[in-house]
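Asker: no sequence on this one, just coordinates:
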């Protein structure tokens with residue numbers, strides 16, 4: 001488990017890639033062991049508060065908008081009329097906050113196994129949990145895999161999977177069996193989006209997701225790319241899948257004005273869909 005060194009640097013080491021990421025901290029604000037994981041919060045010098053789970057950086061006050069905006073807005077502006085959604089994971093509630101900026105959303109259920117992540121976020125990242133009392137939102141603390149297995153057929157317009165890396169309990173969120181349950185729970189034209197790791201470090205994971213999603217009955221898949229400062233390599237992705245043979249064109253809006261975004265806008269959406277050559281070559285082998 002990473003700790004602060006004698007110069008107050010927090011470092012997450014990625015042994016498999018021979019790389020590391022560090023932030024200098026003023027102090028540790030909180031640490032606890034929940035029934036599922038160890039959660040820490042640090043006060044950094046340059047990135048505000050930092051949440052760390054089982055030694056892995058999750059989010060900071062400075063850069064969380066990159067991830068949360070790119071996980072929420074592309075899928076909601078691709079579906080023609082998203083009203084009923086669920087978020088699997090997302091206990092810090094940042095993705096939920098972004099989803100609730102869309103007036104057309106009527107109901108969103110967030111299912112995260114660890115309530116302590118949400119309660120700690122309420123204390124140390126209150127800007128992320130501002131939507132928790134919205135009457136359209138329901139927060140459940142349960143196993144998202146089991147919840148999806150029991151979800152009614154065709155009851156959802158969109159599913160957002162805001163998970164940790166595919167290790168431990170989150171590994172089951174990256175399987176064909178789970179995707180089949182998601183496909184069944186989506187109505188006609190339904191969309192799924194899932195964080196899909198770094199295209200530089202985890203291209204095999206992304207390729208496997210495309211293959212498993214199509215094997216589970218999704219008609220089309222695409223991956224979006226965006227920067228993510230505190231995650232391995234600093235380059236991240238989210239993969240979208242549609243129940244139909246083609247993913248619809250996104251609805252261009254003035255997102256920075258209408259949704260108050262800091263990163264996402266129509267040009268960013270279009271740019272995020274462009275495939276880097278290393279990804280194009282790897283995914284092309286699946287066609």
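Answerer: The structure has been received and is ready for your questions. If you're wondering where the values come from, they're calculated on a predicted model, not measured in any experiment.

Asker: Can you tell me the closest non-neighbouring residue to residue 97?
Answerer: Using C-beta to C-beta, 6 or more residues apart in numbering and skipping residues adjacent in sequence, the residue nearest residue 97 is residue 131, 4.4 Å away. Quick note: C-beta positions are derived from backbone N, CA and C, even for glycine.

Asker: Can you verify my assumption that the one you found contacts residue 93?
Answerer: Yes: if you go by C-beta atoms under 8 Å, residue 131 and residue 93 touch, sitting 6.9 Å apart.

Asker: more neighbours, the two?
Answerer: The neighbour comparison of residue 131 against residue 93 (other C-beta atoms under 10 Å) goes to residue 93, with 29 against 19.

Asker: contacting residues for the more buried one?
Answerer: 110, 118, 121, 122, 128, 129, 131, 132, 139 (C-beta atoms under 8 Å, 6 or more residues apart in numbering).

Asker: Which among those count as buried?
Answerer: Neighbour-count burial (16 or more other C-beta atoms under 10 Å) is assigned, among the contacts of residue 93, to 110, 118, 121, 128, 129, 131, 132, 139.

Asker: So the first one sits against residue 86, correct?
Answerer: Yes: applying C-beta under 8 Å as the test, residue 110 and residue 86 come out as touching, 7.2 Å apart.

Asker: So which bits of the helix or strand where residue 148 lies are buried?
Answerer: For residue 148, the host element (DSSP states H and E) is helix 144-149. Of all the residues in helix 144-149, those buried under the rule 16+ other C-beta under 10 Å are 144, 145, 147, 148.

Asker: which stretches of this structure form strands?
Answerer: Along the chain, the segments classed as strands by DSSP state E run 9-14, 19-33, 38-44, 49-53, 56-60, 84-89, 107-111, 137-140, 156-162, 186-195, 220-227, 235-242.

Asker: Pick the most buried one from those strands.
Answerer: Mean neighbours per residue, mean count of other C-beta atoms under 10 Å, is largest over those for strand 156-162, with a mean of 26.

Asker: Output the below-cut-off pLDDT ranges for this protein.
Answerer: Within the chain, the ranges that satisfy pLDDT under 70 run 1-3, 5-6, 287.

Asker: Tell me which residue is most central in it.
Answerer: Nearest residue to the geometric centre of the chain (C-alpha atoms, centre = their mean): residue 162, 3.2 Å.

Asker: Looking at strand pairing, list the partners for that one.
Answerer: residue 89 (DSSP bridges).

Asker: does it really touch residue 89, like I thought?
Answerer: Yes: shown here, residue 162 and residue 89 form a contact pair, counting by C-beta under 8 Å, at 4.3 Å.

Asker: Show me what residue 195 is bridged to.
Answerer: For residue 195, the beta-bridge partners are residue 238 (DSSP bridges).

Asker: Can you name the residues bridging to residue 30?
Answerer: Listed by DSSP bridges, the beta-bridge partners for residue 30 are residue 41.

Asker: ok, now which ones touch it?
Answerer: 39, 40, 41, 120, 123, 124.

Asker: Report the two of these separated the most.
Answerer: Across those, no pair lies farther apart than 40 and 123, at 13.0 Å, counting by C-beta to C-beta.

Asker: circling back to that earlier point, save the buried residues of helix 144-149 as CSV, and put in distance to residue 25 too.
Answerer: Listed next are the buried residues of helix 144-149 as CSV, based on distance: C-beta to C-beta, whole Å:
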residue, distance to residue 25
144, 31
145, 34
147, 36
148, 37
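
Asker: May I ask which two of these are separated the most?
Answerer: Maximum pairwise distance in the buried residues of helix 144-149, criterion C-beta to C-beta, is 7.3 Å, between 145 and 147.

Asker: Can you name the residues that contact the residue nearest to residue 245 when sequence neighbours are not counted?
Answerer: For residue 245, ignoring the flanking residues on the chain, the nearest one in space by C-beta to C-beta, 6+ apart is residue 219 at 4.3 Å. Contacts for residue 219 (C-beta under 8 Å, 6+ apart) come out as 242, 243, 244, 245, 246.

Asker: Now list the buried members of those residues.
Answerer: 242, 243.

Asker: Nearest to residue 198 among the contacts of residue 219?
Answerer: So of these, ranked by how close each gets to residue 198 (C-beta to C-beta), first place is residue 242, at 23.7 Å.

Asker: can you tell me how far the residue nearest to the closest one when sequence neighbours are not counted sits from residue 214?
Answerer: Excluding the flanking residues, the one nearest residue 242 by C-beta to C-beta, 6+ apart is residue 220, at 4.8 Å. Applying C-beta to C-beta, to the nearest Å, the value for residue 220 to residue 214 is 8 Å.
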